[in-house]
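Participant: okay, here's the prediction I keep looking at, along with the sequence it came from:
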Amino acid sequence: MPDPIDKRPPRRWHIAVFLAPAVLVYSAIMIFPLFATLNLSLYTADGQNQVFAGLDNFRTLFGDPRWSESFWNAFKNNAWFFLIHMLVQNPLGVILAAILSHPALRFSAFYRTAIFIPTILSFVIVGFAWKLILSPVWGIAPDMLGAIGLKSLYAPWLGKEAYALTTLSLISVWQFVGIPMMLIYAALLSIPDEVLEAAECDGITGISAFWKIKLPLILPSIGIISILTFVANFNAFDLIYAAQGALAGPDFSTDILGTLLYRTFFGFQLQLGDPNMGSTIATAMFGIILIGVCIYLFGVQTRLRRYQF
Amino acid sequence: MNMARQNWSNTFAAHAALITYTLIALFPVFVILINSFKTRKAIFREPLALPGADSFSTIGYETVLKQGDFFLYFQNSLIVTVVSLFLVLLFGAMAAFALAEYRFKGNMLMGLYLALGIMIPIRIGTVAILQLMVASGLVNTLTALILVYTAQGLPLAVFILSEFMKQVSDDLKDAGRIDGLSEYRIFFVLVLPLVRPAMATVAVFNMIPIWNDLWFPLILAPAEETKTLTLGSQVFIGQFVTDWNAVLSALSMAILPVLVLYVIFSRQLIRGITSGAVK
C-alpha cells in the first residue's frame, strides 16, 4: 500500500530559483519605488521629518496659481507634443511603410536601414545637431531656404516662443518615424497574398486596395503604435533638456511634464529641489499615463477587429 | 503598354519619395560629420562643402581629447550597457522559462505582475529610486545605473522570451529529463541555445535606450568618474558652446560608436522588429 505522503508532488524549488532574480530586481528597483513615490506625494517635509499631509500637495499643485499655471502649461505643451506625433509621425510612418512594402520595390533594405538611423542616435546628438542646423549663426537653414527662394520664411524657430515647441516636436518626429514605419511594415508584410489576390479579382488594386484592404488589417498595429507614442511622449524629457536646457525656454514655452518634474524634484538654479512636490507631479504623470492606457485597453483595443490568418 | 508605363511611373514616384525622405533622415548626420573635419573658417564659409586640402583640420578632435575624458565616458557607457544587457537576458530568460514551462499556482498573476512594467515607465518612480540609491550608498556608481536598466528591461524581455520558449518542443525537454538532466541543465543546455534569436532581438531592443539615456545618468551618476558618453557629451557641449570645432567633433565622436554598432546589428534589429516580436 503506497504511503499517502508520496502522492504529494515534491516541492519544485527550481521554479522559485528561476523566478527569484528577475522578480527581486524588478520589485526592488521598479515596483517598490513606484509605490514609494506615489506615497511620498502624500507627505510634506517638516525640517528632517516627513509629515503626513493627505492631499495637500495636490491642492497646492492644482490650487496654488503659481504651481497650477506651470503644471497646466506643461500639460498643454505635452498634449501638443503628442498631437504633432499623432498627426505627423504616425501617418508618415504608415506612408513610408506602404511604399516600402511594395513587393517589386528594389533597394528597400537600404531605405529601411537609412531611415531608421536617426532613431538610434541619442537625444543629445539630435538636439544639438538640429540646434546648430537651425541656428541663424551658422546659416545652413536660411541658406537652404534661400536656394529655393523661400528665405523670407526663415525664423530662428527654436528661439521663438510661438514656434519652439512645434519645431522640437517635429525634430522628435524626425528622430522616431522609423519605429512606426518598421512596425507597420511588419504588419503589412504579414497580410497574406491570397487576400490581396482575391481583392484584385474583384478589381480592387493600388490605392483603393490600401484603403479598403490593408488599412483595416493594420489598424491594431496603429492602435499599439498610438499607445506607445502616448506613453513615450508623456514621460519625454531628454530632447527638451538637451536642446533647450532644464528651463525649457524660451520662457517655458517648451516645458513638458518631464522637464517640470526634473526642475521641481531636483531643483534648478534658484529653485530648490522638493522631493514631495516632485512625487506629486510624478503621481499626476502616472495618472495621465494610466488613464491613457486604460482608454486604449478598454475603449480602443476591444473594438478593433483582429483577423487571424 | 499603358499598364507598363503606369507601373514605371509608380516605381519612379516611390523611389523619389523614399530618396527624399532618406536625404532628410541623413542630412543632419552628414553635415555634422563633414564639418567636424574642417577649420573654423571653412565651417562658416561653406557649411555644405566636403573638407578639402586647405579646409581640413582636426583641431576640434584635439580639443575634445584634451579637455574631456571621452575614453572614460565611452568605457562607462560600454560597461553599463553590456552588464545591463547580460543581466536582462539572464534574469529575463530564467523568469520566462519558469513562466512558460511550469504550471504552478499564481503563474498567470506573476506574468501579469512582470508585464506591468511594459506600459508604466520606470521614470515615474525616480524620486524614490534616488532615495533608495542614496540610502544604499550607490549614488554615483555604475551599479546604480546597471540595476535601474536591468529592472527597466526585464518586463519586455520576460514577455518576448516566454512567447518564444512556449514554442520549444516538449519532446526535447522530456528526453532530457529521461536522461536525468536537472531542470537547470535543461534550461541552460537545451532551451537557452534554441531561443538565441529571440535573445538577440531583446538585446538590440534594449541596447539603444540604455546607451542613449540621459535621465538616469543625470540624476543617479553625474560624477565625473561615472559619466556615460551621452551625459559626458551633453555636459561637454554645454561648456564649449562657442567652440564650434569642439562641439562638432564631440557630436561626431558620440555618433560614430552607435553608427558602427548599428551597421553591425542593423539586420538583426530590423529582423527583430519585423518578426512581430512586439504584438
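Facilitator: Arrived safely, thanks for sending. Numbers count the residues shown, from 1 in each chain, chains lettered A, B, ... in the order given.
Participant: what helix or strand does the closest residue to B:L190 other than its chain neighbours sit in?
Facilitator: Spatial nearest neighbour of B:L190, excluding adjacent residues (Cβ to Cβ, 6 or more residues apart in numbering or on different chains): B:G176 at 5.3 Å. All C-beta atoms are positioned from the backbone trio N, CA, C, and that covers glycine. Using DSSP states H and E, B:G176 sits within helix B:170-178.
Participant: got the contact list for the helix or strand just after that helix?
Facilitator: On the C-terminal side of helix B:170-178, the nearest following helix or strand under DSSP H and E is helix B:183-185. By Cβ atoms under 8 Å, 6 or more residues apart in numbering or on different chains, the surrounding residues in contact with helix B:183-185 are A:H14, A:V17, B:G176.
Participant: tell me the contacts of B:A198?
Facilitator: B:I160, B:L161, B:E163, B:F164, B:A277.
Participant: quick check: the two most widely separated of the residues you listed?
Facilitator: Largest separation among the contacts of B:A198 by Cβ to Cβ: B:L161 and B:A277, giving 9.7 Å.
Participant: which of these two has more neighbours?
Facilitator: B:L161 (26 against 20; other Cβ atoms under 10 Å in any protein chain shown).
Participant: where's that one, which helix or strand?
Facilitator: Element membership for B:L161 (DSSP H and E) is helix B:142-165.
Participant: give me the average confidence score over that helix.
Facilitator: The pLDDT scores in helix B:142-165 average 94.
Participant: what's the answer for stretch B:86-102, then?
Facilitator: Per-residue scores along stretch B:86-102 average to 95.
Participant: ok, and what's touching it?
Facilitator: By Cβ under 8 Å, 6+ apart, stretch B:86-102 touches A:12, A:15, A:17-19, A:21-23, A:25, B:107, B:110-111, B:114, B:146, B:149-150, B:153-154, B:157-162, B:164-166, B:173, B:187, B:191-192, B:195, B:199, B:202-203, B:206.
Participant: of these, just the buried ones, ChimeraX syntax please.
Facilitator: Buried members of those, defined by 16 or more other Cβ atoms under 10 Å in any protein chain shown, are picked up in ChimeraX with:
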select /A:15,18,19,21,22,23,25 /B:110,111,114,146,149,150,153,154,157,158,159,160,161,162,164,165,173,187,191,192,195,199,202,203,206
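Participant: what's the distance between A:I29 and A:Y43?
Facilitator: Between A:I29 and A:Y43 the distance is 22 Å, computed by Cβ to Cβ, to the nearest Å.
Participant: could you do A:D238 as well?
Facilitator: Look at A:D238 and A:Y43: by Cβ to Cβ, they are 29 Å apart.
Participant: more neighbours: which of these two?
Facilitator: Set side by side, A:D238 and A:Y43 show more neighbours around A:D238, with 22 against 19, by other Cβ under 10 Å.
Participant: what distance do you get for the more buried one to B:L214?
Facilitator: Distance of A:D238 to B:L214, computed by Cβ to Cβ: 4 Å.
Participant: what touches both of the two?
Facilitator: Listed as contacting both A:D238 and B:L214 by Cβ under 8 Å, 6+ apart are A:S122, A:F123, A:V124.
Participant: among those residues, name the ones that also lie close to chain B.
Facilitator: When contact is defined as Cβ under 8 Å from any Cβ of the partner chain, the shared contacts of A:D238 and B:L214 meet chain B at A:S122, A:F123, A:V124.
Participant: want to throw these into CSV with neighbour count and pLDDT?
Facilitator: Converted to CSV, these look like this (neighbours: other Cβ atoms under 10 Å in any protein chain shown; pLDDT from 0 to 100):
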residue, neighbour count, pLDDT
A:S122, 29, 87
A:F123, 24, 87
A:V124, 28, 87
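Participant: out of those, which comes closest to chain B?
Facilitator: Chain B has its nearest neighbour among these in A:S122, at 3.7 Å by Cβ to the nearest Cβ.
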